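Visitor: here is my input; please provide its structure:
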Amino acid sequence: MFTLGFDIGGTKCAVVLGKGEMPENHEKLIIDKLSFPTDVKRGWKAVIGEMLDTADEILSRNGISDPKNQLTGIGISCGGPLDSKKGTINCPPNLPDWDNVPICEIFREHFGIRPNLQNDANACAVAEWKFGSGKSTSNMIFLTFGTGMGAGLILDGKLYSGTNDMAGEVGHIRLAEDGPEGYGKKGSFEGFCSGGGIARLSEIMLSQAKEKGEDSVLFREEEISAKTVALAAKSGDILAKKIYETCAKKLGMGLSILIDILNPEAIVIGSIYSRDRELFDDIINEVIKNETLSYSSEVCRILPATLGNSIGDYAALGLAF
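Guide: I've put the predicted structure just below:
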């Protein structure tokens, strides 16, 4: 028996074949994988058509001729907004013409099995819960902390997606009256704590430093990004360190809100945090100590995501279970 996962992105799509039962070692879950450029300009029908053709190819080359009886489940991970109950994708920013696309019905007709559809943050939360840092927890929060700041919530041993799949939009929380913009809101969690947010925060602080006559290696960078600022901070650049200190303080504030409201066992953070923990940990731990109820903070661990670049594959397959 097998599982089938689809990871749909604005840049590329991946089709992943996995085992039908959860192995003890997650690295043995994935059997085969194929991917292709999304090329959104050609429209959703063409992209879904290629997904189905790619899935047929991967099933065929692994000797699966009867997917209805040989697959135990199908998972689809895609950026939101979407409706997991109706099984529709509702015009995500990176898939502009995918308006009310009945993807679950299309896949059910093709494979004979209705897929489990979730937004990518929820799917990644399931992956880290089943296979990664959140394994064995009952209450876990996953934070993307990459291009944007979103969350997936595992509460009482179940994925919580909310009334209409909008749970976990933590990036919209306002942490300051003013500041870099994220989610269309200045001073938001995503504004301070995301790849784009760190770049915008850097522009603000570089402008202020220039007015004061301060120097920084960042003035000589062709492109300012979370990665270039992190490298400068690690090399001792004072302004770059201040930028990440600001980001870390806001991350600590956001984590404190989540800890007090949801009382999780673990908050698993991906991308930028997992890559640059040394720029965050001391500061966020101090903020959490000062801001949260001790009964809640003492039982909550802050952990880096461990599935790395493969998280999208495990996310799609995790939904199939």
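Visitor: all strands of the stretch 51-200 of the chain, in order?
Guide: In the stretch 51-200 of the chain, the strands defined using DSSP state E, counting those that start in this stretch lie at 71-78, 82-83, 88-90, 99-101, 116-119, 140-143, 151-155, 158-160, 181-182, 185-186.
Visitor: quick one: closest of these to Val217.
Guide: strand 181-182 (25.4 Å; Cβ to Cβ). C-beta: built from backbone N, CA, C; applies to glycine.
Visitor: how far off centre is that closest one?
Guide: Centre-to-centre, strand 181-182 and its host chain are 17 Å apart (Cα atoms, centre = their mean, to the nearest Å).
Visitor: what do you get for stretch 162-180?
Guide: Per Cα atoms, centre = their mean, the centroid offset for stretch 162-180 relative to its chain is 14 Å.
Visitor: the closest residue in space to Pro264 that isn't next to it in sequence: neighbour count?
Guide: Spatial nearest neighbour of Pro264, excluding adjacent residues (Cβ to Cβ, 6 or more residues apart in numbering): Asn139 at 4.6 Å. Neighbourhood size, Asn139 [other Cβ atoms under 10 Å]: 18.
Visitor: touching, Pro102 and Thr88? I think so.
Guide: Yes: using Cβ atoms under 8 Å, Pro102 is in contact with Thr88, at 5.4 Å.
Visitor: most packed of the strands of the stretch 51-200 of the chain?
Guide: Stretch with highest mean neighbour count among those: strand 140-143 (a mean of 29; mean count of other Cβ atoms under 10 Å).
Visitor: grab the CA positions of stretch 136-146 and hand them over as CSV.
Guide: The C-alpha trace of stretch 136-146 is given here as CSV (Å, rounded to 0.1, in the frame of the first residue of the first chain):
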residue,chain,number,x,y,z
SER,A,136,5.1,13.0,20.3
THR,A,137,3.5,16.3,21.3
SER,A,138,-0.2,16.9,21.6
ASN,A,139,-0.1,20.7,21.5
MET,A,140,2.3,22.2,19.0
ILE,A,141,2.6,25.4,17.0
PHE,A,142,4.5,25.5,13.8
LEU,A,143,5.7,28.9,12.5
THR,A,144,6.9,29.3,8.9
PHE,A,145,9.2,32.3,9.4
GLY,A,146,10.3,32.3,5.8
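Visitor: which stretches in the chain count as helices?
Guide: Counting by DSSP state H, the chain has these helices, from start to end: 44-60, 67-70, 103-111, 120-130, 189-192, 195-211, 226-234, 238-262, 271-275, 281-291, 294-297, 311-320.
Visitor: what lies in contact with the fifth one?
Guide: Helix 189-192 is contacted by residues 148-149, 170-176, 179-183, 185, 196-198, 200-201, 246-247, 250-251, 254 when judged by Cβ atoms under 8 Å, 6 or more residues apart in numbering.
Visitor: the bottom helix or strand of this structure by mean pLDDT?
Guide: When each helix and strand of the chain is scored by mean pLDDT, DSSP states H and E, strand 181-182 comes last, with a mean of 88.
Visitor: ok, it: who's next to it in the sheet?
Guide: Using DSSP bridges, the strands paired with strand 181-182 are strand 185-186 (antiparallel).
Visitor: OK, contacts around Tyr273?
Guide: Contacts of Tyr273 (Cβ under 8 Å, 6+ apart): Leu143, Phe145, Leu251, Phe280, Pro304.
Visitor: Serialize these to JSON lines and add fields for pLDDT.
Guide: Listed next are the contacts of Tyr273 as JSON lines, based on pLDDT from 0 to 100:
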{"residue": "Leu143", "pLDDT": "97"}
{"residue": "Phe145", "pLDDT": "94"}
{"residue": "Leu251", "pLDDT": "98"}
{"residue": "Phe280", "pLDDT": "97"}
{"residue": "Pro304", "pLDDT": "96"}
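Visitor: right, and the pair among those with maximum separation?
Guide: The most widely separated members of those, counting by Cβ to Cβ, are Leu251 and Pro304 (12.8 Å).
Visitor: higher neighbour count, those two?
Guide: Leu251 (27 against 19).
Visitor: now do the contacts for the more buried one.
Guide: Applying Cβ under 8 Å, 6+ apart, the residues contacting Leu251 are Phe145, Phe192, Cys193, Tyr273, Phe280, Ile284.
Visitor: so how far is Gly162 from the second one?
Guide: With the distance defined as Cβ to Cβ, to the nearest Å, Phe192 ends up 24 Å from Gly162.
Visitor: likewise for the fifth one?
Guide: Look at Phe280 and Gly162: by Cβ to Cβ, they are 28 Å apart.
Visitor: ok, the fourth one next?
Guide: In this view, Tyr273 and Gly162 are 24 Å apart by Cβ to Cβ.
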